[in-house]
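> Make a model of this:
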Amino acid sequence: MEKSKIWHDPQEVPAIQYVDIYLLNEHNDISRVNYDEISAPWSSIDKYCPYGEFVAWAYAADIVNL
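Residues are numbered from 1 along each chain as shown. As a prediction, the model looks like this:
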């Protein structure tokens, strides 16, 4: 299976701070959040996926531009 060009590894931290991202959990539920390293460090980003394990993320702009 070819790796997606949009979805990123959960261990990969967004290069841009203060950006909207989508989080994908193991149940294929998608949540949109504003990533801010100061108020919500990447190490705690899984709190935004309360109903399943966080598996990937994407920049909102990349999804909108499909």
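
> Quick one: residues contacting Ile21.
Shown in contact with Ile21 (CB atoms under 8 Å, 6 or more residues apart in numbering): Pro14, Arg32, Val33, Asn34, Tyr35, Trp57, Ala58, Tyr59, Ala60. Placement of C-beta: from N, CA and C, glycine included.

> Between the two ends of stretch 6-13, how far is it?
14 Å (CA to CA, to the nearest Å).

> List the buried residues for that stretch?
His8, Pro10 (16 or more other CB atoms under 10 Å).

> Report the contact partners of Ser44.
By CB under 8 Å, 6+ apart, Ser44 has no neighbours at all.

> what's the pLDDT at it?
Confidence at Ser44, expressed as pLDDT, is 85.

> now do Ala15
89.

> does the most centrally placed residue in the chain have beta-bridge partners, and which?
Residue closest to the average C-alpha location in the chain (CA atoms, centre = their mean): Trp57, at 2.6 Å. On the basis of DSSP bridges, Trp57 is bridged to His8, Leu23.

> Roughly how far does it sit from Leu24?
7 Å (CB to CB, to the nearest Å).

> so Asp9 makes contact with Ala56?
Yes: Asp9 lies in contact with Ala56 (CB atoms under 8 Å); the separation is 7.1 Å.

> Can you give me the neighbour number for the closest residue to Trp7 other than its chain neighbours?
Nearest non-adjacent residue to Trp7, counting by CB to CB, 6 or more residues apart in numbering: Ala56, 4.0 Å away. Ala56 has 17 neighbouring residues, counting by other CB atoms under 10 Å.

> list the contacts for Ala56?
Ala56 sits in contact with Ser4, Trp7, His8, Asp9, Pro10, Leu23, Leu24, where contact means CB under 8 Å, 6+ apart.

> where's Ile21 relative to Val64, distance?
On the measure of CB to CB, Ile21 and Val64 end up 12 Å apart.

> coming back round to it: look up the residues that both of Trp57 and Leu24 are in contact with.
Trp7.

> Nearest residue to Ile38 in space, please, no chain neighbours.
Nearest one to Ile38, counting by CB to CB, 6+ apart, is Gln17 at 7.9 Å.

> got it, and Pro10?
Closest to Pro10 by CB to CB, 6+ apart is Phe54, at 5.5 Å.

> Having no further points to raise, I will conclude here.
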